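In: Quick one: sequence and predicted model below, then my questions.
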Amino acid sequence: MEYRDCKDQFIATWGQLGPQWGVNKTMAQIHALLLIANEPMSSEQILTELAISTGNVNMNIRALLDWGLVYKIAKDGERCEYYLAEKNLHLVFKQILLNRKKRELDPILKDLNDLVSCAEKCDKSKEFKKMISELNGFAQKVDHALELLIRTDSHWFYNTLMKML
């Protein structure tokens, strides 16, 4: 396979994975392009490469910046901004994990904590409170495990992963 075909396949594959980790296909494709880029790319280069609109590029670049997966780079003598993806895959994984936790788990924890405080004294409420307490306990353990993963260094993570496999 030619380099261009391999590059296109990687971008397409990463684009299909994106929705699995909570981002849209185009955002994942831009991230893939920047991951394999040899040097920072401008918005214009990205839209030309992926054949997408300026608005789509700008919106998704902002999201990638917010997720901490892409950095803005200034080049001397250039007016346009350039973007570079974080290349350390352990840091990429941690950023995705952190953002998913913030968007998905944290709101559930807040709701479960609010529900645990329901204090009616009927049979139905006792069963409800018991189940919510168990769910809350489980969610707290998941939160703690994710916090540990987010704080780990790459050596510990890979060693632990290899032991599990």
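Out: Nice, I can see it.
In: Give me the residue ranges of this structure where confidence is low.
Out: 119-122, 154-165 (pLDDT under 70).
In: the helices in it, which residues?
Out: Using DSSP state H, the helices of the chain run over 3-17, 25-36, 43-50, 54-67, 89-100, 106-116, 123-151, 154-164.
In: Among those helices, single out whichever gets nearest to residue 81.
Out: Closest approach to residue 81 among those (Cβ to Cβ): helix 43-50, 7.2 Å. Glycine gets a C-beta too; all of them are placed from N, C-alpha and C.
In: Next, the angle from that closest one to helix 54-67.
Out: 110 degrees (axes from the mean of the first three to the mean of the last three Cα atoms, to 10 degrees).
In: Out of the helices of the chain, which is the most enclosed?
Out: helix 25-36 (a mean of 22; mean count of other Cβ atoms under 10 Å).
In: Find the residue closest to the residue nearest to the spatial centre of the chain in space, skipping its chain neighbours.
Out: Centroid-nearest residue in the chain, with Cα atoms, centre = their mean: residue 96, separated by 2.5 Å. Spatial nearest neighbour of residue 96, excluding adjacent residues (Cβ to Cβ, 6 or more residues apart in numbering): residue 21 at 5.1 Å.
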